[in-house]
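Participant: take a look and give me a structure for this.
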Amino acid sequence: MQRVETYSTLEAVLNDRYRGHVTRDWVEWRELHAFDDVNGIPAGATKAWIGRQKFNYRGIGKLQALRHVISANVDQPFLEEISQLENLERLELEWPMVANSLTPLLGLKKLAFLSIDSPRNIAAFEPLLTLPALRTLIITNPKMKNLDWLRAAHHLEVIGVEGGMWNPYRIESLKPLTGLRSLQAFFGVSTKLMDKDLMPLMECPRLQFLSIASVAPQGEFERLKALKPDLVCRWFDPAVWETLRRAN
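Facilitator: Sure thing, here's the model as predicted:
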């Protein structure tokens with residue numbers, strides 16, 4: 001039991017680190033950084049959490065001190081305003097993201113962290129790889145056909161391609177991730193892996209953390225563990241499989 005608890009703790013720590021939760025305290029955000037209207041955001045604020053309600057976002061592009069923005073229901077005009085924030089380093093586009101083009105974001109030269117939840121109108125994500133500072137890219141419930149566009153994502157340290165709670169995302173293959181030089185963590189929660197092949201991840205030299213659904217047989221996870229013994233993945237623990245079998 002102690003071994004399982006220790007492993008679970010390590011998994012939780014790495015999950016928070018790579019998802020950026022360590023620097024996103026929701027209590028702090030609700031108390032200090034949540035705003036109903038742009039007019040309430042101080043001129044020198046570095047953080048802002050504001051969901052689109054009619055035109056309450058207008059003027060946010062002038063707040064050049066902002067470094068971290070969280071928002072929901074972002075449409076194209078709102079995204080264009082956000083894209084005027086030249087010093088923005090972290091952007092979280094929460095459910096739903098209804099803009100139809102990511103092109104405006106390409107001017108954010110300092111953007112290092114981008115998460116997008118349910119981009120219902122977006123099919124092409126490859127242009128995001130031209131963002132020079134981008135290191136973390138997490139996309140939830142996308143409409144992309146496959147991961148081929150990630151073949152050249154050698155500068156990304158964290159990649160997430162995940163399904164929705166009731167809508168698992170179908171990953172044809174992990175082969176496009178083969179050999180990504182900087183990849184440290186891959187998130188694939190609520191996914192189905194069609195070829196059941198985890199071996200492309202063996203070719204990612206810096207991979208430390210894998211948070212994914214049970215997308216392959218236990219033997220495939222055991223094979224990956226044997227090849228990358230320092231990789232942390234909950235499916236490497238036999239106790240997790242035993243719990244899954246009992247539940248089914």
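Participant: quick check: bridge partners of the closest residue to residue 119 other than its chain neighbours?
Facilitator: Closest residue to residue 119 apart from its sequence neighbours, by CB to CB, 6 or more residues apart in numbering: residue 97 at 4.6 Å. For every residue, glycine as well, the C-beta is placed using N, CA and C. Beta-bridge pairing for residue 97 (DSSP bridges): residue 74, residue 119.
Participant: separation between residue 97 and residue 20?
Facilitator: 17 Å (CB to CB, to the nearest Å).
Participant: go on, residue 248?
Facilitator: 33 Å.
Participant: where along this structure do the strands fall?
Facilitator: For the chain, the strands defined by DSSP state E occupy 47-49, 68-74, 90-97, 113-117, 136-140, 158-162, 169-171, 185-188, 191-193, 209-212.
Participant: what does the fifth one rub up against?
Facilitator: To tie it back to what came earlier, the one meant is strand 136-140. For strand 136-140, the external contacting residues (CB atoms under 8 Å, 6 or more residues apart in numbering) are 18-20, 95, 112-119, 125, 128, 153, 156-164, 187.
Participant: the first one now?
Facilitator: Contacts made with strand 47-49 from outside it, assessed by CB under 8 Å, 6+ apart, are listed as 29-30, 32-35, 41, 60, 63, 66-71.
Participant: are any of the residues you listed buried, and if so which?
Facilitator: By the neighbour-count criterion of 16 or more other CB atoms under 10 Å, the contacts of strand 47-49 include these buried positions: 33, 34, 35, 41, 60, 63, 66, 67, 68, 69, 70, 71.
Participant: farthest pair within the residues you listed?
Facilitator: The most widely separated members of the buried ones among the contacts of strand 47-49 are 34 and 67, with 16.2 Å between them, by CB to CB.
Participant: distance of residue 18 from residue 82?
Facilitator: Going from residue 18 to residue 82 by CB to CB gives 24 Å.
Participant: pLDDT at residue 146, what is it?
Facilitator: For residue 146, the model assigns a pLDDT of 94.
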